[in-house]
Every structure is written in C-alpha cells, then in structure tokens.
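Peer 1: sequence and computational prediction follow.
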Amino acid sequence: MRCFALACLYSSGVRASEVDPPNFLIFLSDDCTYHDFGCYGNGDVETPHIDGLAREGLLFEHSYNSSPMCAPTRMSLYTGIHPVRNGAHPNHSRVYDHVRSFPHYLEPLGYKVALIGKTHHSPKENFPFEFLGGRHHDNGQGEDLELSKVDAFIQENGKSPWCLMVNSNQPHTPWNRGDPSQYDAGELTLPPYLVDTKRTRDELAKYYAEITYMDEQLGRCLEFIEKRGQSENTVVVFLSEQGSNFPHCKWTCYDTGLRSAQIIRWPKRVLPGARTRAMVQYVDLLPTCIELAGGDPGAFDLDGKSFVPVLENPDAEHRTQVYGVQTSKGIYHGPDAFGIRTVRDSRFRLIWNVNSPNEFRNSVVENSKIYASWRAKGETGDAFALNQYHRYQVRNEFELYDLSNDPFELRDLSANPDYEKTLETLHSLLLAWMREQGDDGAATELDAWARIDAARRSR
C-alpha cells in the first residue's frame with residue numbers, strides 16, 4: 001500500500017481524469033528487447049535518457065505486445081484491438097475497413113494527432129495521422145529521423161492538446177547507427193539464452209550502440225518539451241516495441257519476443273521513480289489515452305482497457321492474463337505455416353505451436369551469422385549451443401515455462417506430469433481468448449495470404 005499512499009500525496013488527491021487534458025508524446029523504438037536498458041537491469045548498455053525517464057515516472061515491469069513483429073504490433077497499439085480481430089495478424093497486411101485508430105478517437109476530443117518516423121500500418125485511411133515525414137527503414141546514411149519537426153509540431157500546437165507518435169527505426173537491423181567502439185564486446189554480460197560466440201558478442205556491441213543512439217533521439221524530444229514549457233502537462237510514454245533480431249526474441253512468443261519496456265512520465269500526476277507489476281498490453285494504451293483526454297473508452301468496441309487506475313496507484317492490478325499471436329506465413333523466408341499462440345499469467349507461460357510438427361523458419365535461420373555461429377559452436381561439442389540452435393526451429397506442440405524460476409524460458413515443463421493441470425488450465429484460457437478473437441488457429445494461419453493480398457491490392 002506504500003505506493004498508493006505516496007501517489008495520493010504526490011497528486012494531492014486529484015484523479016488524473018479531473019485535470020486538463022494532457023498532451024501525449026509516445027516514443028516507440030524498433031525491435032528492442034525489454035531487458036536491454038539500464039533501468040530494466042542491464043548493467044552494460046548506456047541509456048541515460050530512458051533511465052532518467054524511469055526515475056521521473058512509472059516503470060512497467062510487465063507490459064506486453066500482442067504480436068512479436070513490427071506491423072501487427074503497431075496496428076494493435078494504434079487500434080486497441082488484437083491482431084486477428086483487427087485483421088492485421090500477418091506482417092505486411094492491413095486492418096479491416098471498419099477498424100479505427102488514435103486519430104479517430106482523439107481528434108473529436110480536440111487533439112491534433114501526428115506521427116513522425118516509421119509507419120508500417122495499412123491502409124492509410126484507417127490511420128489518418130498527420131504525417132511529419134520519416135523513413136520506413138534506415139540505411140545508415142543521412143538523418144534518419146528529422147527531429148526538428150518534433151520541435152516545430154510542439155511549438156505550433158502549444159495552446160491546444162496534441163498527440164505525437166515518434167517512431168524511431170532503431171535498433172532494427174542493420175545495426176548501422178551509433179558508436180560500437182564504446183562497448184567492449186569481450187566484457188559484455190550475455191543474457192542466458194544467447195550462446196557465447198565472438199559473432200554474438202560483436203553484434204551485441206553494435207546493437208547496444210544503436211540503442212544508445214536511439215536513447216539520444218528520445219533525449220532530444222524531451223528537451224523540446226522542456227524548451228517549449230510543456231513538460232508538466234505532457235504524458236511521455238516510452239515503448240520498446242517487440243524483441244530484437246537475436247534468436248529467441250522477435251518472431252517468437254517467449255517473453256523476449258512479447259514483453260516490452262514501458263515507462264510513463266506525467267509530472268505531479270504519476271509518482272516518480274515508481275515501478276508496477278501490473279500486467280498490461282499494448283492494446284490498453286489507446287483506451288488509457290482516451291480516458292486521460294476526457295473521453296469514455298467504454299463506449300468503443302476495443303480489446304484494450306484503460307490502466308489509468310495503475311497510474312493513480314502503482315500497486316493496483318490490471319490483468320490476470322496476457323495473450324499473444326505470431327503468424328509466420330508471409331514473413332521473409334518464413335514457413336508455409338507455423339502459427340504460435342500464447343497466454344501467460346503472473347507465473348507461467350503456455351505456448352501453443354498450432355502447426356507443429358512443422359519447423360519454424362525465418363530470416364534469422366536463413367541469413368543470421370549469429371545463429372550460424374551457434375551451430376558451429378554446437379558442432380564442436382557444446383551441448384547448450386546445439387540445443388539453443390535446434391530448439392529455435394524444432395518445437396513441441398506445447399511449451400510451458402515457470403517464469404518465476406526460469407525467466408528466460410530455458411526449461412520446458414510441458415511433458416512434466418506435475419504441471420499437467422497448469423497446462424490444461426492455461427490452454428482452456430487460450431482457447432477461450434482465441435474464440436473471442438475469431439481465431440481458428442491452423443485455419444487462420446493458412447488464410448493469412450488473404451490479409452496480405454488485401455494490403456497489396458490497396459497500395
């Protein structure tokens with residue numbers, strides 16, 4: 001109860017919904033695993049602005065995406081609806097015609113709603129952000145994100161509420177930004193699921209350098225808010241998107257694929273330096289913003305639900321389970337079908353590989369020199385390297401992990417009879433959620449091309 005008492009003292013007893021509508025600056029990084037920031041326990045990577053934001057705001061320890069790849073993540077974030085139900089469960093696809101997004105909900109409340117940087121949503125008419133420019137992918141040349149336009153937007157809209165999505169391309173591969181020489185690859189502490197090879201370490205240094213570069217982009221945005229005198233009534237949200245391009249992260253439904261960094265700063269309304277264990281999903285951000293803007297999120301058919309009570313009391317609970325979906329049909333070098341569905345509660349994660357025993361394949365399998373170095377080390381007799389290499393492609397139909405004792409999901413308990421009841425309970429919850437979403441599992445995977453083709457025809 002200590003956090004609640006402090007929150008009441010800090011906000012002088014005024015609920016967030018009773019103050020003037022705030023501005024929203026939502027900064028979204030690209031392909032970045034949640035634990036790769038100082039404030040999330042990484043002692044190697046330099047992220048001073050993200051860490052500073054955590055000292056000034058509320059850090060979410062359990063924030064989750066709906067899908068571990070870019071386009072479905074973004075379209076579920078913007079619409080408040082999970083990927084299968086909004087129509088954009090395959091990558092490079094589109095939402096159904098009736099689906100609406102941030103501008104549709106906030107503009108009637110008096111907001112100017114804009115986006116700068118990476119898009120990766122479709123079709124444009126369902127996402128009518130004022131587009132301030134930017135690249136969809138970064139080639140490492142020139143200015144990848146023209147941040148002066150962020151400053152101009154804030155200045156131009158200083159007398160009315162605004163919402164701005166700042167979408168960095170970093171640290172999406174290729175890792176071509178920042179200064180890798182600031183990191184000594186040989187001294188880095190590898191997370192337990194990565195195989196220790198020279199290639200892994202060298203690429204991790206490049207990845208960390210690009211995270212530091214992205215952190216500087218966030219820092220400049222925070223400077224603009226301060227310079228324009230809008231810090232106190234701007235809700236700053238930092239999100240890390242889904243996992244990185246290392247094996248066992250992006251394109252997987254492990255915690256390293258779906259779990260996200262999320263930090264929210266709102267001076268004098270959100271307790272600084274607080275942490276919450278409340279389980280939230282990306283689909284919850286839109287209804288939260290609607291409520292803070294003075295609207296009623298309950299009036300809309302959304303999958304998300306507002307977590308304003310968590311902002312007011314970091315000890316509050318929000319969800320008892322979170323869910324995720326991976327549609328592999330249509331990804332680069334992907335399989336004909338390898339759908340993944342998952343549910344996790346406060347302790348366990350169940351993964352259902354609905355097209356098992358098919359093998360999983362993607363661009364990591366085909367092109368990653370990191371992944372190839374794991375195989376080479378495994379062939380020398382290193383059992384861990386060989387296991388991590390093979391289990392990326394060949395998976396049981398069900399996987400069950402005790403995250404309280406195995407946070408990096410290295411020990412599958414699905415065949416352990418002691419956990420049979422846990423598996424059955426979670427599977428029942430997952431099936432119920434899939435029914436709500438109109439998700440037929442294997443049949444939905446095979447039909448993925450219809451959603452991709454719809455997106456292609458709309459371009």
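Peer 2: Yep, it's here.
Peer 1: show me what the longest helix seen in the chain is packed against.
Peer 2: If you go by DSSP state H, the chain has its longest helix at helix 198-227. Other helices and strands packing on helix 198-227, by 3 or more CB pairs under 8 Å, 6 or more residues apart in numbering; DSSP states H and E, are strand 23-28, helix 48-56, helix 148-156, strand 162-167, strand 234-239, helix 369-378. Yep, even glycine has a C-beta here, placed from its N, CA and C like the rest.
Peer 1: recalculate using a threshold of 7 Å.
Peer 2: Packing contacts for helix 198-227, counted by 3 or more CB pairs under 7 Å, 6 or more residues apart in numbering; DSSP states H and E, involve strand 23-28, helix 48-56, helix 148-156, strand 234-239, helix 369-378.
Peer 1: any chance of those in JSON lines, with distance to Lys124, mean pLDDT and mean neighbour count too?
Peer 2: Output for the helices and strands packed on helix 198-227, formatted as JSON lines (distance: least, CB to CB, whole Å; pLDDT from 0 to 100; neighbours: other CB atoms under 10 Å):
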{"stretch": "strand 23-28", "distance to Lys124": "18", "mean pLDDT": "98", "mean neighbour count": "23"}
{"stretch": "helix 48-56", "distance to Lys124": "31", "mean pLDDT": "98", "mean neighbour count": "20"}
{"stretch": "helix 148-156", "distance to Lys124": "19", "mean pLDDT": "97", "mean neighbour count": "16"}
{"stretch": "strand 234-239", "distance to Lys124": "22", "mean pLDDT": "98", "mean neighbour count": "24"}
{"stretch": "helix 369-378", "distance to Lys124": "35", "mean pLDDT": "98", "mean neighbour count": "19"}
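Peer 1: out of those, nearest to Arg135?
Peer 2: helix 148-156 (13.0 Å; CB to CB).
Peer 1: mind listing residues that contact the closest one?
Peer 2: With CB atoms under 7 Å, 6 or more residues apart in numbering as the contact definition, helix 148-156 has outside contacts at Ala114, Ile116, Leu132, Gly133, Leu164, Val166, Cys221, Phe224, Ile225, Arg228, Gln230.
Peer 1: could you redo the last one with a cut-off of 10 Å?
Peer 2: By CB atoms under 10 Å, 6 or more residues apart in numbering, the surrounding residues in contact with helix 148-156 are 23, 25, 27, 112, 114, 116-117, 130, 132-134, 146, 162, 164, 166, 217, 220-221, 223-225, 227-230, 234.
Peer 1: where do the helices sit along the stretch 251-400 of the chain?
Peer 2: Remark: helices of the stretch 251-400 of the chain, listed N- to C-terminal, are 255-258, 285-292, 308-312, 363-367, 369-378, 383-393; assignment by DSSP state H, counting those that start in this stretch.
Peer 1: which of the ones you listed sits closest to Thr276?
Peer 2: Where the helices of the stretch 251-400 of the chain are weighed against each other on CB to CB, the nearest is helix 308-312, at 5.6 Å.
Peer 1: could you give the mean pLDDT of the closest one?
Peer 2: What helix 308-312 shows for mean pLDDT is 98.
Peer 1: write the PyMOL selection for whichever of the contacts of helix 148-156 are buried.
Peer 2: In PyMOL, a selection of the buried entries from the contacts of helix 148-156 looks like this (16 or more other CB atoms under 10 Å):
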select buried, resi 23+25+27+112+114+116+117+132+134+162+164+166+217+221+224+225+228+230+234
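Peer 1: residues touching the closest residue to Asn42 other than its chain neighbours, list them.
Peer 2: Setting aside the residues directly before and after it, Asn42 is nearest to Asp36 in space (CB to CB, 6 or more residues apart in numbering), at 5.4 Å. When the contact criterion is CB under 10 Å, 6+ apart, the partners of Asp36 are 29, 42, 44-45, 47, 50, 171, 191, 204, 207-208, 211, 240, 243-244, 246, 249, 256, 261.
Peer 1: try 7 Å this time
Peer 2: Contacts of Asp36 were listed using CB under 7 Å, 6+ apart, and they are Asn42, Val45, Ile211.
Peer 1: who wins on neighbours among those?
Peer 2: Neighbour counts for the contacts of Asp36 were taken using other CB atoms under 10 Å; the highest belongs to Ile211, which has 26 neighbours.
Peer 1: hmm, Thr47 and that residue touching each other?
Peer 2: Yes - counting by CB atoms under 7 Å, Ile211 sits close enough to Thr47 to count as a contact (6.4 Å).
Peer 1: so for the two, which residues contact both of them?
Peer 2: With contacts taken as CB under 7 Å, 6+ apart, Ile211 and Thr47 have no neighbour in common.
Peer 1: what comes into contact with stretch 446-459?
Peer 2: Residues outside stretch 446-459 that contact it (CB under 7 Å, 6+ apart): 87-90, 92-94, 122-123, 327, 329-330, 337.
Peer 1: kindly apply the preceding question to stretch 423-438 instead.
Peer 2: Counting contacts by CB under 7 Å, 6+ apart, the residues outside stretch 423-438 that touch it are 82, 84-85, 321, 323, 341, 343, 348, 350, 352, 398, 400, 414, 441.
Peer 1: the closest residue in space to Asn358 that isn't next to it in sequence and Gln393, how far apart?
Peer 2: The shortest distance from Asn358 to any residue other than its chain neighbours is 5.2 Å, reached at Phe338 (CB to CB, 6+ apart). Noted for Phe338: a distance of 9 Å to Gln393, by CB to CB, to the nearest Å.
Peer 1: and if you look at Asn416?
Peer 2: As for Asn416, its distance to Gln393 is 23 Å (criterion: CB to CB).
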